[in-house]
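In: Requesting a structural model of the entry that follows:
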Amino acid sequence: MNYFSYLSLEEKRKFFYKEPLSFSKDIEKGQLAYALGATLYTPGTKETIAEDIIRKKHIGATSIILCLEDSISDEEVKLAEQNIVVQIQQIANLVSANILHQTDIPLLFIRVRNPNQMKVIVTELGSAIHCLCGFVFPKFTPINGRLYINQLKYINELYSLSLYGMPILESPEIMHKETRLESLLQIKDLLDSYYDFILNIRIGATDFSSIFGIRRNKYTPIYDITVIRDCISDIINIFSRATNQYIISGCVWEYFSNDYEDGLIHEVSLDQANGLIGKTVIHPSHINIVQAMHIVTLEDYLDAKSILQNADTYNGVLKSSFANKMNEVKPHYNWAHKVILKSNIYGVLHENKKFTDLLITNAKQHV
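Out: You can find the predicted model right below:
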């Protein structure tokens, strides 16, 4: 699997100074954490999950979350569980028959309602569990978080698997100022104890907003909602430090009309300015926008390479190859390391290309 595989070889050469590398769910966790990109939420009741993946209906989709939580009603839970099992087994059967290759399958995660549901799903899936990349833990707190992670550890040991967990920080304990810091620090201690199991941390802006009866409009990035911004800032502060860093994904953008794409683009730019990688999406039209915006610019790439290449022999100030700024090896080292990891997954654009050029090309292909 690799990003922008829908482009022809000629188009790839036209756009990319460095093309995206291939990856799978089995690559090293530190690199895989950068590869989620636009993670598409799909209700567990959807009966065409396998068909959509086989037909590559959602162009560019590389990670999908099959949801058993808020996207379905309480009365649909059993139906959704059964459907997810059937859909993943269909995919696994095609892989076994060499009709579908494992690398053609997006990174698949299941968002469960509780830890016990993980055990139910895994038992029903049988050998098809090998198509799964991990589980998403909603409303993650220090208390239920330990139950989720213990269940994940048990499943991995029992079936000799390497499934990952992705906690969603969205509970009142985290939003409320008087309990936030203690909750975040307790969660950090818990996750540090199981660092190899945690692929990514996600932020539930919709649940956070509901605590205050807020719903942002199509012109308002999540960072303009001050109470949410304040909480996101603390999450980044606790979990995104260069020492023992976790990758944090951007919050969902709720609007999917083409008229509102500028709002999505603006919010992704703010995500990236704050060090977030990837984004939760609820509509296929968001995928290519988010993916394209993660491509590294040539300027950033060359600066990052220069910083890392000189780090062992010189740790002072370097002139940027674009001759427009200074690069300080020591303070910019961690940034440079992240840029190179991103470039492996999303590639590097030629100097005269912008991410919008890919969006125009993709739009022309689907007229």
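In: contacts and neighbour counts: CA atoms only from here.
Out: Noted.
In: can you tell me how far the residue lying closest to Leu358 once chain neighbours are set aside sits from Met326?
Out: Distances taken as Cα to Cα, 6 or more residues apart in numbering put Ala292 closest to Leu358, at 6.8 Å, once the chain neighbours are dropped. Using Cα to Cα, to the nearest Å, one gets 27 Å for the distance from Ala292 to Met326.
In: cool, and Gly278?
Out: For Gly278, the distance to Met326 equals 28 Å [Cα to Cα].
In: how many neighbours does Leu318 have?
Out: A count of neighbours around Leu318, defined by other Cα atoms under 10 Å, yields 17.
In: In the chain, where is pLDDT below threshold?
Out: Along the chain, segments meeting pLDDT under 70 span 363-367.
In: tell me which strands and helices the biggest helix by length in the chain is in contact with?
Out: Secondary structure assigned by DSSP state H gives helix 77-96 as the longest helix of the chain. With contacts defined as 3 or more Cα pairs under 8 Å, 6 or more residues apart in numbering; DSSP states H and E, helix 77-96 has these neighbours: helix 49-54, helix 115-125.
In: what about the strands in the stretch 101-250 of the chain?
Out: 107-111, 134-137, 164-169, 202-203, 250-253 (DSSP state E, counting those that start in this stretch).
In: on that earlier part again, in terms of neighbours, single out the busier of Gly278 and Met326.
Out: Shown here are Gly278 and Met326; by other Cα under 10 Å, Gly278 has more neighbours (26 against 13).
In: Show the contacting residues for the residue nearest to that one when sequence neighbours are not counted.
Out: Distances taken as Cα to Cα, 6+ apart place Gly37 nearest to Gly278, at 4.1 Å, with adjacent residues excluded. Neighbouring residues of Gly37 by Cα atoms under 8 Å, 6 or more residues apart in numbering: Thr62, Ser63, Ile277, Gly278, Lys279, Val290, Gln291, His294.
In: Could you check how many residues crowd around the fifth one?
Out: Residues within reach of Lys279, counting by other Cα under 10 Å, total 26.
In: Please report the distance of the residue nearest to it when sequence neighbours are not counted from Ile232.
Out: Spatial nearest neighbour of Lys279, excluding adjacent residues (Cα to Cα, 6+ apart): Gly250 at 4.3 Å. The gap separating Gly250 from Ile232 is 10 Å, by Cα to Cα.
In: Find the residues that touch each one of the two.
Out: Ile203.
In: from the chain's centre, how far out does stretch 186-193 sit?
Out: Relative to its chain's centre, stretch 186-193 lies at 20 Å (Cα atoms, centre = their mean, to the nearest Å).
In: buried stuff in it?
Out: By 16 or more other Cα atoms under 10 Å, the buried positions in stretch 186-193 come out as Ile187, Lys188, Leu190, Leu191, Asp192.
In: Can you lay out these as TSV showing distance to Tyr3?
Out: Formatted as TSV, these follow (distance: Cα to Cα, whole Å):
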residue	distance to Tyr3
Ile187	32
Lys188	31
Leu190	33
Leu191	29
Asp192	30
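In: Out of the residues you listed, flag the one nearest to Ser210.
Out: Checking these against Ser210 by Cα to Cα gives Ile187 as the nearest, at 22.0 Å.
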